[in-house]
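K.L.:
Below are the sequence and a predicted model for it; my questions follow.
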Amino acid sequence: MHNWLEPKYLAWLEQGFFVTLMLSACAASCATPLGFLLAVARTASSKPGGAVARAAALYVFVVRNSPLLVQLLFWYFGVAAVLPSDWMTWLNTPHMATPGPLTLRWPTFELFAGWVGLTCYTTAFIGEEFLAGMRGVSRAQWHAAAALGLGRYATLRHVILPQALRIATPPLVGQYMNVIKNSSLTMAIGVGELSYMSRQVDTESFRTFQAFGTATVFYVLAIAIIEVALVLWQRAGVRGLQRGRA
């Protein structure tokens with residue numbers, strides 16, 4: 001017990017875990033609707049829509065075939081180099097608002113760059129999962145909707161997407177797990193997430209096993225919660241389907 005971490009170091013790891021969860025939740029929340037729009041763009045078939053589809057496909061190709069670490073470094077160093085100095089000064093200056101009992105703080109530029117980079121990277125993968133789900137719906141569904149007089153977007157909304165979402169949910173959940181794991185790379189640009197704080201604890205306390213072992217437990221706990229949520233959602237869907245057939 002004497003060799004375990006002091007409360008100070010545990011507090012550092014807890015703080016890093018909170019940043020990891022917050023960063024992952026923000027990235028996943030933004031990447032999900034963006035990925036959906038990306039998937040819809042990939043299915044465009046008209047002449048102007050064809051250009052949109054090609055642009056969306058190019059975005060996916062570039063993002064999926066370049067390392068996340070390089071993209072994070074681009075958003076942190078590359079964007080900082082082209083933004084006006086006044087903007088960078090504002091971004092690096094602490095800002096705070098207190099609406100009522102809440103205290104809202106503007107994130108540091110490191111956290112902001114990590115969020116944008118992680119969101120852009122995850123959007124490409126989530127878009128592919130949505131696209132796979134949409135392609136998993138039989139073409140007969142499109143023809144049946146057209147026979148009923150539904151337009152393209154009405155067909156997407158009422159016929160295709162409900163089925164595609166059920167198909168895409170398990171791989172989407174897998175992408176949300178990946179967001180949590182990928183967030184560890186933001187330590188390279190100075191984001192104080194769990195891996196970064198683990199390294200800080202290790203550097204100061206020289207308790208490598210305890211620091212990274214505790215961090216591993218936190219990561220596994222977060223992933224396990226997502227997996228349990230998926231299982232519960234699937235069971236609820238099965239029960240609802242069974243009640244509908246009864």
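P.N.:
That came through fine.
K.L.:
got a list of what the residue nearest the centre of the chain touches?
P.N.:
For the chain, the residue lying nearest the average C-alpha position, counting by Cα atoms, centre = their mean, turns out to be A28 (2.7 Å). The neighbours of A28, taking Cβ atoms under 8 Å, 6 or more residues apart in numbering as the test, are 122, 175-176, 179. The C-beta positions use only the backbone N, C-alpha and C, and glycine is treated the same way.
K.L.:
and these, which of them are in helices?
P.N.:
Cross-referencing those against helices under DSSP state H gives 122, 175-176, 179.
K.L.:
Among these, which one has the most neighbours?
P.N.:
Using other Cβ atoms under 10 Å as the neighbour criterion, T122 leads the ones in helices among the contacts of A28 with 26 neighbours.
K.L.:
in the longest helix belonging to the chain, what counts as buried?
P.N.:
Residue-count comparison of every helix in the chain, with assignments taken from DSSP H, identifies helix 208-245 as the longest. Neighbour counts using 16 or more other Cβ atoms under 10 Å place 210-212, 214-215, 218-219, 222, 226, 230 of helix 208-245 among the buried residues.
K.L.:
before we move on, back to that, which two from the ones in helices among the contacts of A28 end up farthest apart in space?
P.N.:
Across these, the two members that end up farthest from each other (Cβ to Cβ) are T122 and Y176, 8.6 Å apart.
K.L.:
Turn the contacts of A28 into CSV, columns for pLDDT.
P.N.:
Shown next, in CSV, are these (pLDDT from 0 to 100):
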residue, pLDDT
T122, 97
Q175, 94
Y176, 95
V179, 96
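K.L.:
Closest one of those to L38?
P.N.:
For the contacts of A28, with L38 as the reference and Cβ to Cβ as the criterion, the closest is T122, at 11.0 Å.
K.L.:
Contacts only, for the closest one.
P.N.:
Listed by Cβ under 8 Å, 6+ apart, the contact partners of T122 are 27-28, 31, 35, 175, 178-179, 182.
K.L.:
what's the closest non-adjacent residue to it?
P.N.:
Distances taken as Cβ to Cβ, 6 or more residues apart in numbering place A31 nearest to T122, at 3.9 Å, with adjacent residues excluded.
K.L.:
average pLDDT across the helix or strand that contains the one you found?
P.N.:
When secondary structure is defined by DSSP states H and E, A31 falls within helix 7-42. Predicted confidence along helix 7-42 averages 93 (mean pLDDT).
K.L.:
which strands and helices sit next to whichever helix or strand comes after it?
P.N.:
If you walk from helix 7-42 toward the C-terminus, the next helix or strand you reach (DSSP H and E) is helix 47-64. Other helices and strands packing on helix 47-64, by 3 or more Cβ pairs under 8 Å, 6 or more residues apart in numbering; DSSP states H and E, are helix 7-42, helix 109-135.
K.L.:
how about those helices in a markdown table, adding distance to W142?
P.N.:
What follows is the helices and strands packed on helix 47-64, written out as a markdown table (distance: least, Cβ to Cβ, whole Å):
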| stretch | distance to W142 |
| --- | --- |
| helix 7-42 | 14 |
| helix 109-135 | 10 |
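K.L.:
Name the member of the buried residues of helix 208-245 with the shortest distance to L21.
P.N.:
Using Cβ to Cβ, the shortest approach to L21 within the buried residues of helix 208-245 belongs to A222, at 6.6 Å.
K.L.:
right, and that closest one touches I180 too?
P.N.:
Yes: the pair formed by A222 and I180 meets the contact definition of Cβ atoms under 8 Å, at 5.3 Å.
K.L.:
Would you mind grabbing the residues shared as contacts by the two?
P.N.:
With Cβ under 8 Å, 6+ apart as the test, A222 and I180 both reach 20-21, 24.
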